[in-house]
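> Have a look at this prediction, sequence included:
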Amino acid sequence: MRANTIKYETFDANSAPRTASRLATSLTLAAMSLGYGVVQLDVTIVNTALDAMGKTLGGGVAELQWVVSAYTIAFAAFILTAGALGDRIGAKRIFMAGFAIFTAASLACALSPNAIVLIGARLVQGLAAAILVPNSLALLNHAYTDDRARGRAVAVWAAGASLALTAGPFVGGALITLVGWRAIFLVNLPIGLVGLWLSWRYATETTRARSREIDLPGQLAAIGALGALAGAIIEGGGLGWQHPLVLSAFAAAAVLATLFVWRESRTAQPMLPLSLFSHRLFTLTTVVGLLVNIAIYGLIFVLSLYFQRINGLSAWWTGLAFVPMMGAVLPVNLLAPRLAERIGPCPTIVVGACISALGCLGLVSIDAGTSYWAIFAQMIAISGGLGLLVPPLTSTLLGSVEKARSGIAAGVLNATRQTGSVLGVALFGALVASDSAFMTGLHQSLIISAAVLLLAAGVIGLGAKAGGRTM
């Protein structure tokens, strides 16, 4: 009897738990990948539906800008607080709440009777996306205690998001053609339900940090400042830059941004520790992240409208047009670390920004009816440059601060890049707001993008050199 007991205990204590643990961590990774993937899917899948939404719900370019920007405003403004909520309440609880909110908001988007309801639902979606991203990383960090295993898990997590980003235009075009634009939001429902079940069943809750405070005044100031600035730029294209509402929105953005900085410099637990900006490379890479997203995501918005409204492509063909552009990002992502090892991270960022800028300049001659194959190489250059610069940009930023602050540093980069997306869509959308001047606005957008990307290259190249770095 004793021998049998020992045999049973050996099996139960070692073999079964190890097998169960491996399964649980793998399915936790699956849940986290679904969470990040659905966030990225909704970044690109919506662009193919813009024209169809406009025709169904009414409204002009400004309303379509708000459909895109409402999501990214909430994402950018809330992401830092979302990480703090996970620390305080528990990453599993807050992640599951985020998944549930995202799924419900997706259903609300699909059922929206007008543009106002759709914009409101997109705002809630963006808030949920901000919850999902940092807390999915926290749960992965908790599930994988070994450094090598964690690194592989994060690579799978990021690769899944890149795949979703790439598939977005294609899937969106197919769904719009076969079912209608509302289907691009309904596809999130099964993803959300599966992700929720996997998280509930297999993810392990993190330790709660009761002392972690939430900077509510800072959060409200950040949302107000970003929303007012985006609103001023979006509405300025239609109402005119001298309109009282536009001028008032610019003034409100300036006041709220000042209050945000003042608050963050005085609170004990700021959502954005200003001391991070005492690190030269942290500041430089943050600025570059902002500039690059202004250029790239603003262009994706106006090119989506160009393909559909000017060249008359269907949602299906518009989605296909973006697949090579999005698909170029992943393989170049894998190449970037090797190039960074050879020439250094900062020079690699410079090369990537310059390649994207050249792609933008190569598109300046674009006109109504221009063949897709005449602009194919330029689109690949734009996205390839982006894929080349993002990995060294992220690693350089994380390497510029102490490891204990890497989480908040990554959050700042994500928030800054999403802010750039908001401003890019707002600015370039304002330039193409008039159908009669669309091509002029598109040409201006391309020139501005090229200039902003070259500015980003100069910021990191000259800034790092001035700091005595040889990276």
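Sure thing, it's come through. Computed from a predicted model, the values in this text were never measured in an experiment.
> got any ranges where the stretch 101-250 of the chain has weak pLDDT?
In the predicted model of the stretch 101-250 of the chain, residues 147-148, 151, 155, 209-213 satisfy pLDDT under 70.
> same thing but 90
115, 133-174, 177, 201-220, 222-223, 226-227, 229-242 (pLDDT under 90).
> now do the stretch 251-400 of the chain
Using pLDDT under 90, the stretch 251-400 of the chain drops low at 264-282, 297-298, 300-301, 304-305, 308-309, 312-341, 344-345, 369, 383, 386-400.
> For it, which segments are assigned as helices?
Using DSSP state H, counting those that start in this stretch, the helices of the stretch 251-400 of the chain run over residues 280-305, 315-327, 329-343, 345-362, 372-399.
> Same list (those helices) but as a markdown table, adding distance to residue 410.
For the C-beta atoms, the positions are set from N, CA and C on the backbone; glycine is no exception. Shown next, in a markdown table, are these (distance: least, CB to CB, whole Å):
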| stretch | distance to residue 410 |
| --- | --- |
| helix 280-305 | 11 |
| helix 315-327 | 23 |
| helix 329-343 | 16 |
| helix 345-362 | 16 |
| helix 372-399 | 6 |
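> what's the burial count for residue 367?
If you count neighbours by other CB atoms under 10 Å, residue 367 ends up with 11.
> give me every residue that touches it.
residue 439 (CB atoms under 8 Å, 6 or more residues apart in numbering).
> Dihedrals phi and psi, it?
For residue 367, the backbone dihedrals (degrees, to the nearest 10) come out as phi -140, psi 170.
> 28 is where my numbering starts, stick with that
From this message on, residue numbering opens at 28, which makes the last subject residue 394.
> which stretch among the helices of the stretch 278-427 of the chain comes nearest residue 181?
Residue 181 lies closest to helix 399-426 among the helices of the stretch 278-427 of the chain, at 11.2 Å (CB to CB).
> Buried residues, the closest one. List them.
402, 405-426 (16 or more other CB atoms under 10 Å).
> between the one helix or strand residue 438 maps to and helix 399-426, how many degrees?
Here residue 438 is covered by helix 433-458, with elements defined by DSSP states H and E. Taking axes from the mean of the first three to the mean of the last three CA atoms, to 10 degrees, one finds helix 433-458 and helix 399-426 inclined to each other by 150 degrees.
> so what's residue 454 closest to, chain neighbours aside?
Spatial nearest neighbour of residue 454, excluding adjacent residues (CB to CB, 6 or more residues apart in numbering): residue 260 at 5.5 Å.
> Other residues contacting the helix or strand hosting the one you found?
Per DSSP H and E, residue 260 falls inside helix 243-266. The contact list for helix 243-266 (CB under 8 Å, 6+ apart) reads 87-89, 92-93, 96, 100-101, 103-105, 108, 270, 272-274, 276-277, 279-280, 283-284, 286-287, 290-291, 294, 297-299, 446, 449-450, 453-454, 456-458, 460-461.
> And for stretch 285-300?
107-108, 111, 239-240, 242, 244-246, 248-249, 252, 301, 432, 435, 439, 442.
> try it again with 6 Å
With contacts defined as CB atoms under 6 Å, 6 or more residues apart in numbering, stretch 285-300 is touched by 107, 108, 240, 242, 244, 245, 248, 249, 252, 301.
> And these, which is closest to residue 125?
residue 108 (12.2 Å).
> so what's that closest one up against?
Counting by CB under 6 Å, 6+ apart, residue 108 makes contact with 246, 298.
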